[in-house]
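Q: Sequence first, predicted model second:
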Amino acid sequence: EPLDWNGVNDKSGGTKPTIWNANCGGIFGPELMFSRTLEIEMGQQNRFEAVKNSRDGTQIKYWDSDNGKYWHKLRSSIRSRKGYGNWKGFIWHQGIQDSLMEGEDTSLTYLGNLTGLIHQVRTEMFDSSDAGTWQCEKEIPVVVVQIGHWPRNARAGRVRAAQAQYCDEDPRAELVIMDDLSQFYHADAPSLLIEGHRIAQAYQAASQTNVTCPSTPTLLEGPSTPKMSTPTRNPLSPPHHIQTDSSTMSSAPSSS
């Protein structure tokens with residue numbers, strides 16, 4: 001599918017084998033090694049779909065659910081899998097444009113925008129998965145890929161700090177560090193492979209932490225008792241999807 005320069009595309013194209021010549025260098029980025037690591041190192045035998053939505057050169061506000069230019073495409077991609085599998089995680093890789101753009105300093109509001117975006121994505125994934133897949137939206141694992149070595153300025157420092165703070169405060173979010181890899185604005189091939197491996201490790205870690213889900217009381221029950229989620233031993237039990245964006249990157253399991 002050709003890139004729509006006026007918008008964002010769901011680039012997954014359905015279930016594909018993660019082998020050495022599976023369109024490497026074309027559509028695939030870090031999700032290639034991410035998927036391969038889940039299969040080879042972590043014993044993931046069930047088929048799953050890594051659903052990638054991408055648009056280069058975007059600030060995080062363009063993905064905002066209130067008035068973001070690309071939110072409707074991301075939401076549509078999540079909803080389109082309903083009935084064909086259950087969402088199992090969200091991976092977000094973005095931030096350089098919030099470090100570079102002139103004018104409004106969006107690095108100052110990055111943490112709030114990231115928090116709001118992930119909440120909306122989790123809500124959509126929860127609603128688009130089968131009942132009982134998750135106790136609450138907060139259970140859905142999240143991986144945030146921190147912007148790398150470049151750029152080196154105050155705005156970039158604030159974006160990196162916001163990404164790290166979000167993951168420190170969310171029990172099912174993990175941060176992937178990139179500043180020891182490619183020193184340029186575009187990651188080279190080895191960096192993309194290493195990044196994918198790190199994302200898989202972070203996803204596994206996020207899936208195995210405890211999180212407390214709120215309970216909704218009825219009129220007859222009185223005060224509610226929070227439910228403690230237990231670690232997900234096999235986060236990709238079938239069927240499943242993971243959402244990946246390179247402005248956003250998410251993965252979802254697939255039953256096909």
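A: Sure, I can see it.

Q: CA only for contacts and neighbour counts going forward, please
A: Will do.

Q: Which parts of the stretch 1-150 of the chain are helices?
A: In the stretch 1-150 of the chain, the helices defined using DSSP state H, counting those that start in this stretch lie at 31-40, 71-79, 96-100, 110-127.

Q: From the rest of the structure, what touches the last one?
A: It stands for helix 110-127. Under the criterion Cα atoms under 8 Å, 6 or more residues apart in numbering, residues 60-61, 63-65, 75, 78-79, 86-87, 90, 98, 134, 136-138, 140, 159, 162-163, 165-166 lie in contact with helix 110-127.

Q: if we can go back for a sec, dump the helices of the stretch 1-150 of the chain to JSON lines, plus distance to Glu195, mean neighbour count and mean pLDDT.
A: Shown next, in JSON lines, are the helices of the stretch 1-150 of the chain (distance: least, Cα to Cα, whole Å; neighbours: other Cα atoms under 10 Å; pLDDT from 0 to 100):
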{"stretch": "helix 31-40", "distance to Glu195": "8", "mean neighbour count": "20", "mean pLDDT": "88"}
{"stretch": "helix 71-79", "distance to Glu195": "22", "mean neighbour count": "19", "mean pLDDT": "94"}
{"stretch": "helix 96-100", "distance to Glu195": "16", "mean neighbour count": "22", "mean pLDDT": "93"}
{"stretch": "helix 110-127", "distance to Glu195": "20", "mean neighbour count": "19", "mean pLDDT": "97"}
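
Q: so which of those gets nearest Glu49?
A: Closest to Glu49 of the helices of the stretch 1-150 of the chain, according to Cα to Cα: helix 31-40, at 8.9 Å.

Q: Confirm Leu175 sits in a helix?
A: No. Under DSSP: H, G, I helix; E, B strand; the rest coil, Leu175 falls outside any helix and is assigned strand.

Q: For Tyr110, see how far away the closest residue to it other than its chain neighbours is.
A: In space, and not counting its chain neighbours, Leu175 is closest to Val144: 5.0 Å by Cα to Cα, 6 or more residues apart in numbering. From Val144 across to Tyr110, the span is 13 Å (Cα to Cα, to the nearest Å).

Q: Quick check: bridge partners of the spatially most central residue of the chain?
A: For the chain, Ile91 is the residue whose C-alpha lies nearest the centre (Cα atoms, centre = their mean; 1.6 Å). Note on Ile91: beta-bridge partners by DSSP bridges are Thr244, Met249.

Q: How are the strands of the stretch 151-256 of the chain distributed by residue range?
A: For the stretch 151-256 of the chain, the strands defined by DSSP state E, counting those that start in this stretch cover 173-176, 211-213, 227-229, 240-245, 248-249, 251-253.

Q: re earlier: next, count neighbours for the residue nearest to Leu175.
A: 26 (other Cα atoms under 10 Å).

Q: Leu108 too?
A: For Leu108, the neighbour count with other Cα under 10 Å is 14.

Q: Likewise for Thr212?
A: If we define neighbours as other Cα under 10 Å, then Thr212 has 15 of them.

Q: before we move on, what about the one 3 residues further on?
A: Burial measure for Ser215: 14 neighbouring residues, criterion other Cα under 10 Å.
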